[in-house]
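Asker: got a predicted structure here, sequence first:
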Amino acid sequence: MSALDPSVVDRIAHELLERETERRDGGRITDVHPELDLEIAYEAQRVLIERKVAAGQTVVGVKLGLTSRAKQLRMGISSPLTAVLTDTMAIPTGAPLDATELIHPRVEPEIAFVMRERLAGPGVTAATALAAVRSVHAGLEIIDSRFADFSFALPDVVADNASSARYLISPDGISPEGLDLWLEAAVLLRNGEVVDTATGAAVQGHPAEALALAANELDRRGGAIEAGAIVLTGGLTDAVAIEPGDDVAVRFTHLGSLSLSIG
Ligand code: OOG
Ligand code: MG
């Protein structure tokens, strides 16, 4: 594969989109193309999102992946990554999740930001990042890999838009002022039982560090975080498999609670 062979990038994006539409997983792209590197993978992610937009979806924000130790250990990858959120990934408040639309969904609790100002790297710090935030929200992300058993190398999961599937955030966010997000605690429940707990310190030491990382990473590829964008800062805990009939919930110290029925 030459550095940025458009036909190969196109084929990777097409294959991943097809798996998503047909609800089937498959092997790693890096098994077939061992030369697939991060640059090509982000290009494939860009093409994949371009196709979703051409099909009528709207970009609404950014998600970070593999920002916590819990996630990095489970997936065997120690580098965070960025991906894109679109409007059709949002689960309306109170609506159930139709798991039959997905391959092998997992849920993870996240701290989410809604931006007041555009945030562009390079050199963004946690403090400047937090100053651009309008509100902080409780979040739940439903991830769904297009790779069998969620088994992937970093370029695979980058191309696969970081296993994006669905998300929900609390409708009424709160101002970041006066909040100590480092200590903000989350309890993840499945069917009323505690399955995991974490605090905001789990993601890159502080959720605002994750936000700064996203802005600086996007800048390397000519991007930025726009005013009004939603940013998911990454799973605080390991993700948990969900099945039809499950009820999942997250409770935060100050950010409130979210619950989701799996249909
Ligand atoms: C990759 C997606 C990671 C997060 O919050 O870490 C992600 C995966 O674990 O499949 O969304
Ligand atoms: Mg996530």
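Answerer: Alright, I've got the coordinates. Numbers count the residues shown, from 1 in each chain. Ligands and ions are numbered 1, 2, ... in the order given.
Asker: so residue 203 bridges to which residues?
Answerer: Beta-bridge partners recorded for residue 203 (DSSP bridges): residue 68.
Asker: and residue 230, by the same measure?
Answerer: Applying DSSP bridges, one finds that residue 230 bridges with residue 61, residue 114.
Asker: for it, give its distance to residue 134.
Answerer: According to C-beta to C-beta, to the nearest Å, residue 230 and residue 134 sit 10 Å apart. To be clear about C-beta, it is placed using only N, CA and C from the backbone, and glycine gets the same treatment.
Asker: where does the stretch 1-150 of the chain get nearest to ligand 1, which residue?
Answerer: residue 65 (3.1 Å; C-beta to the nearest ligand atom).
Asker: for that residue, give me its contacts.
Answerer: Applying C-beta atoms under 8 Å, 6 or more residues apart in numbering, we find residue 65 in contact with 71, 80-83, 157, 162-163, 234-235.
Asker: which residues are in contact with each of residue 230 and residue 134?
Answerer: 113-114.
Asker: picking that back up, ok, of the contacts of residue 65, which come out buried?
Answerer: For the contacts of residue 65, a burial check counting by 16 or more other C-beta atoms under 10 Å picks out 71, 80-83, 157, 162-163, 234-235.
Asker: kindly report the residues of the stretch 51-200 of the chain close to ligand 1.
Answerer: Residues of the stretch 51-200 of the chain found near ligand 1 (C-beta under 6 Å from any ligand atom) are 63, 65-66, 71, 75, 108, 141, 143, 145, 150, 157, 162-163.
Asker: which phi and psi does the residue of the stretch 1-150 of the chain closest to ligand 1 have?
Answerer: With angles defined as degrees, to the nearest 10, residue 65 sits at phi -130, psi 150.
Asker: do residue 139 as well
Answerer: Dihedral pair for residue 139: phi -140, psi 150, per degrees, to the nearest 10.
Asker: go on, residue 225?
Answerer: phi -100, psi 120.
Asker: now do the closest residue to it other than its chain neighbours against residue 177, distance only.
Answerer: With C-beta to C-beta, 6 or more residues apart in numbering as the criterion, residue 225 has its nearest non-adjacent residue at 4.3 Å, and that residue is residue 119. Residue 119 sits 17 Å away from residue 177, going by C-beta to C-beta.
Asker: the two: which has the busier surroundings?
Answerer: residue 119 (28 against 9; other C-beta atoms under 10 Å).
Asker: contacting residues for that one?
Answerer: Going by C-beta under 8 Å, 6+ apart, residue 119 touches 128-129, 132, 211, 215, 224-225.
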